[in-house]
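K.L.:
Attaching a predicted model along with its sequence, questions to come.
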Amino acid sequence: MKIMFLAAGNSIHTIRWVNTLARRDHDVYLVFLANQKPELDLISEEVKQYQLKFGGNVSYYTNALELRKIVNKVKPDIVNAHYASGYGTLARMARVRPLVLSVWGSDVYDFPYKNSFSMNLVKKNLNYANEIASTSIAMSKQVEKLLGTDDRQITITPFGVDLSAFDQVSKNTKKEIITIGIIKTLAPKYGILDLIKAFKLLKKRNLPFDIQLLIYGDGPEKMEQQNLINQNQLNNSVFLMGRIANTEVPRVLKTFDIFCVTSVLNSESFGVSAVEAMAASLPVVATNVDGFMEVVDDGVTGIIVKKKDAVSIANGLEKLILDANLRNTMGKAGYERVIKEYKWFDNVNVMERLYRKVID
């Protein structure tokens, strides 16, 4: 197939999609805004790249003519636009078809509710697409809510993991301290301040084990998080480890005993971070947002706790800290769930079938 992607070139999600499909002998073309070009050499040389002239929000309109020219030149069999509000608008303005529109999260959970213009824009983009793809069942329900109907078929295309990347990394089992970890952008919507507060509560409970919290990532909330650590004298047990490359995620996860994610918004529409943790055989403590509740089987692969509730988060973590057998059992169950539902190459197969359906 000749597949054209309209997506942010600097997103790891985009990079994984285009690289995998190119390796499967498809002709893959990636078109992206001027301010979203790929970093370094992360995209395969087999993927043909087109950087549009303009960047920024208005460029979803101003780049329409240029995109139309690229489409006429390439003549793709199928176009896959990622993000209903941005690239979905660009695809519609350029009258691109046949079109699969992949929704991501905030584009259908948050953006439409800014104002009536945003709501109408997203509805038009969703209705314009030949097919809609969603990474989770929960987000597909949100799309149905926006469209006001459940008659529109939405294909579920989870963003799973390549298990081989996790299986080749050995877990560090010789440790005298229990490590709680998270890998996320340091931004308010991920609720990491709540996690630090929960950790403070755990330290006050005088647990029979030494514990530490490792926070991997970078972002706008970094200084506030460090200040909270300093104010509560947690410098010897809570550490901001900085950003790591996506390729380093399996290795880092294998150094954790418990993975904890504390997002506060339902725009966390698919819990890919939780799935990666389960691929590393880790038990997961996750807040009750849509994406996490779908991928984490409460009481089986992890523990669901209340969002924005440090006490609830601390209680979930304490249960796992005190019970090594429960950690191991949940970790194994999580790995089996990934094998069953979130193997990356099985997920790509679903997307390929969707493409062929639209083309046919």
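P.N.:
That came through fine. Note that the structure is a prediction, hence the values are computed from the model and not measured. Residues are numbered from 1 along each chain as shown.
K.L.:
My understanding was that K75 contacts K2; is that so?
P.N.:
Yes: in this structure K75 lies within contact range of K2 using C-beta atoms under 8 Å: 7.1 Å. Yep, even glycine has a C-beta here, placed from its N, CA and C like the rest.
K.L.:
Which residue of the two possesses the greater neighbour count?
P.N.:
Using other C-beta atoms under 10 Å as the criterion, K75 and K2 rank with K2 on top: 14 against 8.
K.L.:
and that one, what are its bridge partners?
P.N.:
Counting by DSSP bridges, K2 forms beta bridges with D27.
K.L.:
Excluding chain neighbours, what is closest to N35?
P.N.:
Nearest residue to N35, sequence neighbours excluded (C-beta to C-beta, 6 or more residues apart in numbering): G55, at 3.1 Å.
K.L.:
that's a strand at the one you found, yeah?
P.N.:
No: G55 is assigned coil when assessed by DSSP: H, G, I helix; E, B strand; the rest coil, not a strand.
K.L.:
which residues sit in contact with it?
P.N.:
33-36 (C-beta atoms under 8 Å, 6 or more residues apart in numbering).
K.L.:
Can you give me the distance of the residue nearest the centre of the chain to I229?
P.N.:
Most central residue of the chain, judged by C-alpha distance to the mean C-alpha position with C-alpha atoms, centre = their mean, is V272 at 4.6 Å. According to C-beta to C-beta, to the nearest Å, V272 and I229 sit 26 Å apart.
K.L.:
Y83 against D107, yeah?
P.N.:
Yes: the pair Y83 and D107 qualifies as a contact (C-beta under 8 Å) at a distance of 5.0 Å.
K.L.:
returning to that earlier point: tabulate the contacts of G55 (JSON lines), appending pLDDT, secondary structure and neighbour count.
P.N.:
Output for these, formatted as JSON lines (pLDDT from 0 to 100; DSSP: H, G, I helix; E, B strand; the rest coil; neighbours: other C-beta atoms under 10 Å):
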{"residue": "L33", "pLDDT": "96", "secondary structure": "coil", "neighbour count": "24"}
{"residue": "A34", "pLDDT": "93", "secondary structure": "helix", "neighbour count": "13"}
{"residue": "N35", "pLDDT": "92", "secondary structure": "helix", "neighbour count": "14"}
{"residue": "Q36", "pLDDT": "93", "secondary structure": "helix", "neighbour count": "18"}
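K.L.:
got the contact list for the longest helix along the chain?
P.N.:
In the chain, ranked by residue count with DSSP state H as the criterion, the top helix is helix 324-341. For helix 324-341, contacts defined as C-beta under 8 Å, 6+ apart pick out 158, 160-161, 163, 257-258, 275, 277-279, 281-284, 295-297, 300-302, 319-320.
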